[in-house]
Each structure stands twice: as structure tokens, then as C-alpha cells.
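# Predicted model, plus sequence, below.
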Amino acid sequence: MSRLQIELPGLSLKNPIMPASGCFGFGREYSKFYDLEKLGAIMVKATTAEPRFGNPTPRVAETSSGMLNAIGLQNPGLDEVLHSELPWLSEFDVPIIANVAGSTIEDYVAVSKEISKAPNVHALELNISCPNVKEGGLAFGTVPETAYEVTKAVKAVSSVPVYVKLSPNVTDIVEIAKSVEKAGADGLTMINTLLGMRIDLKTSKPILANGAGGLSGPAIKPVAIRMIHQVSQQVSIPIIGMGGVQTAEDVVEYFLAGASAVAVGTANFVDPYCCPTIIENLPLLLDDLGLYHIDELIGRSWKTEWTLQSSSR
Amino acid sequence: MNQLKTELVSQRQIAESIYEAIVYNESIDESFKPGQFVHVKAGGGSDPLLRRPISICHVEPKKHLLTMIYRAEGKGTNLLKSEVPGAVIDILGPLGNGFPVDELREGQTAVLVGGGIGVPPLYYLSESLQERGVHVHHVNGFQSKESVFYEEEFKEFGPVTITTVDGSYGESGFVTNQLDFSFDYLFACGPSPMLRALESYRSKGKVYLSLEQRMGCGIGACLACVCHVQGDTTALKYRKVCSDGPVFEAGEVVL
Ligand SMILES: Cc1cc2nc3c(=O)[nH]c(=O)nc-3n(C[C@H](O)[C@H](O)[C@H](O)COP(=O)(O)OP(=O)(O)OC[C@H]3O[C@@H](n4cnc5c(N)ncnc54)[C@H](O)[C@@H]3O)c2cc1C
Ligand SMILES: Cc1cc2nc3c(=O)[nH]c(=O)nc-3n(C[C@H](O)[C@H](O)[C@H](O)COP(=O)(O)O)c2cc1C
Ligand code: FES
């Protein structure tokens, strides 16, 4: 078995590296740079029932080692994704994780039911953590009861395993994680962006037309690492980690914290070859660390000697 | 479009806060078209994080040289200006769709209107048009005498009118005061108010405008740089400045 192979609910990953939702479109642009089959999986842009234009521009602003975005879930809508984007992606032998968003529980259910039937969609990622839309999104992800309800409702209709994308904009992320696990979630993805703002000195107004936006990039990595370290010790479902990943070293840090796979977002904008480069470098890094398989790293930062020994082969 | 590790060949200041950088890479060739841009990584680390979109100002395809002209303004461009010859500059490009040079025929007239840091892409355009036998007029607007650049360079391809907002050089006022002649094509790049004012010149000939927008990826994946389409009642249609533009025919998108 390959040293990078990871098995997760619905996902047989040849390597644990995948582009994060919203940072890779539906793959068309990056396919001009490299063969998408190199990727472990692809998390595609959020899909809503109807097409959305999203927020006015400017939609991005730079911060120290990070960026703010307020795209506002712009997407072509369920029909277009089902009839154009997913069929195009089916040319590639790579599992797709469909990111689902909505304004009401009914929206999430309707989109999940249909999109989970697409042959190349191997898992859903419920986006209950988008900070950039007025209704829905984050509102579902910050209250344990509503996070539970939407997860349960989607689980009832989905043909594939359901991962829930958690927001870091909460006081107690463990509480939310536990409630979506209880609702039947097959896995967690974390973290979505942190709410932030930048103000232009010349105009004295926020740079983003939306005012606030979501912070991503290297600046948020320690926040994500801390949250995964906390959550992975309290739940028994796997975690796909994300937030500021740029290198193979970052990936190893995520695994040590408790992640079983890792997504790369903002780094794609800086270096379009970021994902394949990480995939190439991982085995070399495992050699350096004296490990054979990447799964030996999962949760090593908190597992005791005994659990490490009994889980290694 | 590719990621190129270019070598900085020369860098010099050509006006107040304005720098001209020339970079070399074997892949810089005819595929770089006037009006397209490159996405430049300033510095090697993650601060500043994002790339900076900079227009293609000139290309020497046989020598594999690319000229960029930029204003040192914020973190990224100030870092760029401190690079010395021999430095490796990471660029992504060529990106986007440029000016429709192939549409123009010998003997036609084109007016090129530039505002401030919108002037650079017009230089390569002007050379390309002049090579096709197009009559080229330039109207380039700046803030003041200190910020004027490339006047002599543009003169090689056709007459040049310079305007300054404070009247310290050339004609006083805005470029739009200097446009009362007829043309087949008008090409413009500059601040949004200038581009909006030029939209009405559509009645006189074909007008193409090069837009600016804050970008994430620069290649069409992140939807940071979208604009609405004119006359679209659903308000759902959009164009991406990075990959559908940055050059649009006037009337296509909402400015
Ligand atoms: C297609 C295109 C072509 C361009 N061509 C040129 C050129 O030839 N010469 C030139 O000097 N400038 C050009 N610009 C503008 C240039 O991209 C910005 O001036 C530059 O990004 C500012 O970076 P900074 O590090 O100085 O500023 P910072 O304030 O540090 O920038 C912070 C962030 O905001 C973005 N940003 C700030 N101002 C602008 C702007 N006006 N447009 C787009 N993004 C901006 C930056 O890219 C960065 O992500 C062009 C812009 C676009 C969209
Ligand atoms: C421009 C942009 C668009 C995004 N769009 C989405 C989205 O549609 N759905 C979603 O769940 N997350 C979205 N995200 C969040 C990312 O998937 C990811 O969780 C976050 O950016 C942290 O990872 P990073 O630091 O590697 O970018 C977006 C992020 C960015 C920067
Ligand atoms: S900058 Fe990403 S789509 Fe244009």
C-alpha cells in the first residue's frame, strides 16, 4: 500500500492532499497547470440551490501572512453544477467532495439530496460556517442545536457520507463538533475562515465592500492546529484539516494535531503547483521523520505511548 | 500561462515613485500580448502573501525580455523596488485577454488614452499597432510633472499629448479634455472615473477599456475580481477581470 494512502468514510484517498473549497473553483483553471489526478480529492466551490452572484467588490484584502475574502458564495447553482461542472470533473479519476450551502435547512436538504447522487461525488461537505452571507451559513454553524438539526436532516437524504465544515468563530468548538457527531456526521472538516476586517487609511472605510470578511492563509494555521488538537481528542470521527497549509511540514503538523487528511486553500493562489509539490515532498519528509506510513502521525501530539504502539504496525 | 522564475535584468526609477523593471526568462515570447498582465510575487515569504497584478508594458520576444512599470505604493511594490539585478522574480503569466490588435487594419486610426499607472500597457499596444500600419495618437494623463514617464518612448510610435491634473506639465486637466478628434478605435487604461467618462465615446468608434480589480488567484478560480454585465436583468451574469478581461469592449461590463 502507498505510504500516503488514507481511507476515510466514502473516500479512498491515494494521498491525503486536496484543494479546499472556494480556492480551486471546479478545477478547470488548475487543470491547465497539472493533472488533477495527482490530487487525493477535490473540494469544489460551495453549491446552493439557485445561482448566486455573491457580494460586491472589492472582495479580497491582504493582511499580514493572510487574506480576507468576502466572495459571498457566488456559484452557478445546483443545476449548472450537476450538468456542467461535475460531468467535466468526471473525466478525472479523483473523488469529489461537494461543498453544500444554503439559507434554510430545506435548502441544504434539497441540494444534498441531488448532488450526492452524482457519480463522482464521494462525500458532502456541509458548509455551515461561511462568514460572508447574511442568512444561513455561519448562523447554522455557531449554535449546537441548529448544527445538529441541519446535519441530521442532510444525513437522512444523502447518498454519500457527510462531513461538516466547522467555523472557528465560536467560543466552544468542541461542543459544536460533538453535536454534529451525535447527529450522524461521518467526519469533520475544519476550519473555515475567521471573521476579520481591514480599514483603508485613505478612505477611512473598510477595504472590503462587504465590510467584514473571512481570514485565511498562514496567519490562521495556529488557530486551526489548536482546534483540531482539541476536537480530535473529543470525537471519534475523522477530521480533514485546513487553514494556512503551504508545505509538507504544515501537513505533518496537522496530522500530529489529529487530522487524517489536509486541504489547501489560499496557498493555491500564491503557488498554483502547491498541492502537487506537497504530495511529492511528503514521502521525503516521512523518511526524515523515520516513519513509513503517514497515518502513523495522526494525533501523535496527544496520544500516549501506549495508544501509539498499539495503533502502529 | 505558466509560473516563471524570471531573472531581474535591470531596474530603475523613471518618475516619482515609478519604477521600470526588466526581467528575463526563456519562456517570455510572442505568447505575451499587449493588454495581458502578469501576477508577480514580491519577496519570497508569506508576507506579503498574495501576488500583484502588473501589466505587460513591453516584450522583446527574441531576447525573452519583459518590461513592467509599476508605482511603489504598498508592501509588495516597495519590496519589488528594492530587488537588484540578478534577483529571481516569480511571475505567473501571461494572464487574461489583451487588446484586439488583430482587428485593426493598416491606415486606421487609434487613440490610446492612459491615466497614471494605466499608461504602461499602452506602450506595447502602441508598438504593435504601429507595426501594423495603424496611425496611433497618445493622450497620457498624470497628476503632476514629477509623475510623467515614457513621453519620448511613446513619441516613437505617434504624437503624444500629456495632461497633468495640476497643470505643472503639458495640458492642464484631464485626458478627456483632449479627445476631440476622430478615430476608429479608442483604447484606454486608467482609474475607473476616467474609464466611465470614456464609455460615451462609443458613438465615435470602437472603444476598449482595461479594468483593474483586486485579485486573489489571477487565473479565474476564486471569483474575487468579478463585475456585472451591462443590461443583464437577472444580475447573475458576470465577467472575471482576471481571465475574461482585463480588457473589455465598452458597454460589455458595468464599470
Ligand atoms: C490587470 C491589472 C494590471 C495592473 N497593472 C499595473 C501596472 O502595470 N503598474 C502598476 O503600478 N500597477 C498596476 N496595477 C495595479 C497594481 O496591481 C497595484 O498597484 C498593486 O497590486 C499594489 O500592490 P502594493 O503592494 O503596492 O499595495 P498593497 O496596499 O500592499 O496591496 C495590498 C493588496 O491590494 C491589492 N491592490 C492594491 N491596489 C490595487 C489596485 N489598484 N488594483 C488591484 N489590486 C490592488 C494588491 O494586489 C494586494 O493584494 C494593475 C492592476 C490590475 C488589476
Ligand atoms: C476566496 C475564498 C473562497 C472560499 N470559498 C469557500 C466556499 O465556497 N466554501 C467553503 O466551505 N469554504 C470556502 N473558503 C474557505 C476555505 O475552504 C478554507 O476553509 C479556508 O480558506 C482556510 O484554508 P486556507 O488558509 O488554506 O485558505 C474560501 C476561502 C477563500 C480564501
Ligand atoms: S482573481 Fe481569482 S477569479 Fe479573478
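Thanks, I have the structure now. Ligands and ions are numbered 1, 2, ... in the order given.
# give me the low-pLDDT residue ranges for chain A?
A:1, A:132-137, A:306-313 (pLDDT under 70).
# Residue for residue, what is the longest strand it has?
Longest strand in chain A, counting residues (DSSP state E): strand A:121-127.
# so how far is the helix or strand following that strand off the chain centroid?
Downstream of strand A:121-127, the first helix or strand assigned by DSSP states H and E is helix A:138-141. Taking C-alpha atoms, centre = their mean, to the nearest Å, one finds helix A:138-141 lying 16 Å from the centre of the chain it belongs to.
# do the same with stretch B:183-201
With C-alpha atoms, centre = their mean, you get 13 Å for stretch B:183-201.
# Tell me how far B:Leu211 lies from B:Ala197.
14 Å (C-beta to C-beta, to the nearest Å). Using the backbone N, CA and C atoms, a C-beta is placed for each residue, glycine as well.
# what do you get for B:His39?
29 Å.
# Which one of these two is surrounded by more residues?
Set B:His39 next to B:Ala197 and count neighbours by other C-beta atoms under 10 Å in any protein chain shown: B:His39 wins out with 26 against 18.
# Which other helices and strands does the lengthiest helix in chain A contact?
Secondary structure of chain A per DSSP state H: the longest helix is helix A:274-289. In terms of contacts (3 or more C-beta pairs under 8 Å, 6 or more residues apart in numbering or on different chains; DSSP states H and E), helix A:274-289 is packed against strand A:17-19, helix A:248-257, strand A:261-264, helix A:267-270.
# what comes up buried for that helix?
A:274-279, A:282-283, A:285-286 (16 or more other C-beta atoms under 10 Å in any protein chain shown).
# Could you do stretch B:67-83 as well?
B:67-72, B:76-77, B:79-81, B:83.
# Tell me where the stretch 101-250 of chain B has helices.
B:120-131, B:151-155, B:192-199 (DSSP state H, counting those that start in this stretch).
# For ligand 1, find the nearest of these.
Closest approach to ligand 1 among those is made by helix B:120-131 (4.2 Å; C-beta to the nearest ligand atom).
# Only the buried residues of the closest one, if you could.
For helix B:120-131, the neighbour count (16+ other C-beta under 10 Å) marks B:120-129 as buried.
# got JSON lines for these, with pLDDT and distance to A:Ala183 too?
JSON lines is the format used below for the buried residues of helix B:120-131 (pLDDT from 0 to 100; distance: C-beta to C-beta, whole Å):
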{"residue": "B:Pro120", "pLDDT": "98", "distance to A:Ala183": "56"}
{"residue": "B:Pro121", "pLDDT": "98", "distance to A:Ala183": "54"}
{"residue": "B:Leu122", "pLDDT": "98", "distance to A:Ala183": "59"}
{"residue": "B:Tyr123", "pLDDT": "98", "distance to A:Ala183": "60"}
{"residue": "B:Tyr124", "pLDDT": "98", "distance to A:Ala183": "58"}
{"residue": "B:Leu125", "pLDDT": "98", "distance to A:Ala183": "58"}
{"residue": "B:Ser126", "pLDDT": "98", "distance to A:Ala183": "63"}
{"residue": "B:Glu127", "pLDDT": "97", "distance to A:Ala183": "64"}
{"residue": "B:Ser128", "pLDDT": "97", "distance to A:Ala183": "61"}
{"residue": "B:Leu129", "pLDDT": "97", "distance to A:Ala183": "63"}
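# and of those, the nearest to ligand 3?
B:Pro121 (17.4 Å).
# what's across from the closest residue in space to the closest one that isn't next to it in sequence in the sheet?
What sits nearest to B:Pro121 in space, not counting adjacent residues and going by C-beta to C-beta, 6 or more residues apart in numbering or on different chains, is B:Ser55, at 3.8 Å. Following DSSP bridges, B:Ser55 is listed with bridge partners B:Phe37.
# Identify the residues contacting B:Ser55.
Going by C-beta atoms under 8 Å, 6 or more residues apart in numbering or on different chains, B:Ser55 touches B:35-37, B:68-69, B:120-121, B:189, B:210.
# Please apply the same query to A:Val81.
A:26, A:44, A:47, A:75, A:98, A:115.
# same thing but at 7 Å, please
Contacts for A:Val81 (C-beta atoms under 7 Å, 6 or more residues apart in numbering or on different chains) come out as A:47, A:115.
# now swap in A:Glu149 and tell me
A:Ile105.
# For it, what is the enclosing helix or strand?
In this assignment (DSSP H and E), A:Glu149 forms part of helix A:144-157.
# Would you tell me whether that helix gets close to ligand 2?
No: residues of helix A:144-157 are not located near ligand 2 by C-beta under 6 Å from any ligand atom, the shortest gap being 14.0 Å.
# thinking again about what came up before, now do the longest strand of chain A: which elements does it pack against?
Applying 3 or more C-beta pairs under 7 Å, 6 or more residues apart in numbering or on different chains; DSSP states H and E, one finds that strand A:121-127 contacts strand A:96-100, helix A:105-115, helix A:144-157, strand A:162-165.
# Present those as a markdown table; the columns should include distance to A:Ile294.
Converted to a markdown table, the helices and strands packed on strand A:121-127 look like this (distance: least, C-beta to C-beta, whole Å):
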| stretch | distance to A:Ile294 |
| --- | --- |
| strand A:96-100 | 19 |
| helix A:105-115 | 29 |
| helix A:144-157 | 28 |
| strand A:162-165 | 19 |
